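Student: Provided below are the primary sequence and the corresponding predicted coordinates.
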Amino acid sequence: MEKLIIIPFMICILHATPQKNHHNALQQNCLSCHQQQQIPSDLIYKRYLLKYSPAARIKAAMLSYLKHPTQEHSIMPSAFFVKFPMKQPVILD
């Protein structure tokens, strides 16, 4: 079940990265950290889905957050950042 929820999240990230290196960028910038720190990607995607519903809005919101990661710009509650540190901005187009 978790894989089914994470797949749409990864698809959004894939579309936000250049096609020739999308797998490497996704692995280096996102998945390796999520896996290592056991960040619940499915929970994050569900929150985006509830707030931004259409796929285009989800993609835009995720890309915006990745470029400017702040607690005020996040959909996660402040308690989330006690356990999981704020990430550095990512350069994506």
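Tutor: Yep, that arrived.

Student: C-alpha from now on. contacts and neighbour counts both.
Tutor: OK.

Student: Helix, strand, or coil at P69?
Tutor: coil (DSSP: H, G, I helix; E, B strand; the rest coil).

Student: ok, now which ones touch it?
Tutor: 86-89 (Cα atoms under 8 Å, 6 or more residues apart in numbering).

Student: So for A61, what's the pLDDT?
Tutor: Model confidence at A61, given as pLDDT, is 90.

Student: nope, T70 is what I was after
Tutor: T70 is given a pLDDT of 91.

Student: roughly how far apart are it and P89?
Tutor: 9 Å (Cα to Cα, to the nearest Å).

Student: Just the CA atoms of stretch 35-43, as PDB, please.
Tutor: Output in PDB follows, covering the C-alpha atoms of stretch 35-43 (Å, rounded to 0.1, in the frame of the first residue of the first chain):
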ATOM      1  CA  GLN A  35      14.600   6.300   3.300                       C
ATOM      2  CA  GLN A  36      17.500   7.000   5.600                       C
ATOM      3  CA  GLN A  37      15.500   9.100   8.000                       C
ATOM      4  CA  GLN A  38      12.300   7.100   7.600                       C
ATOM      5  CA  ILE A  39      10.300  10.200   6.500                       C
ATOM      6  CA  PRO A  40       6.700   9.100   5.800                       C
ATOM      7  CA  SER A  41       6.400  10.100   2.100                       C
ATOM      8  CA  ASP A  42       2.900   8.700   1.900                       C
ATOM      9  CA  LEU A  43       1.800  11.000   4.700                       C
END
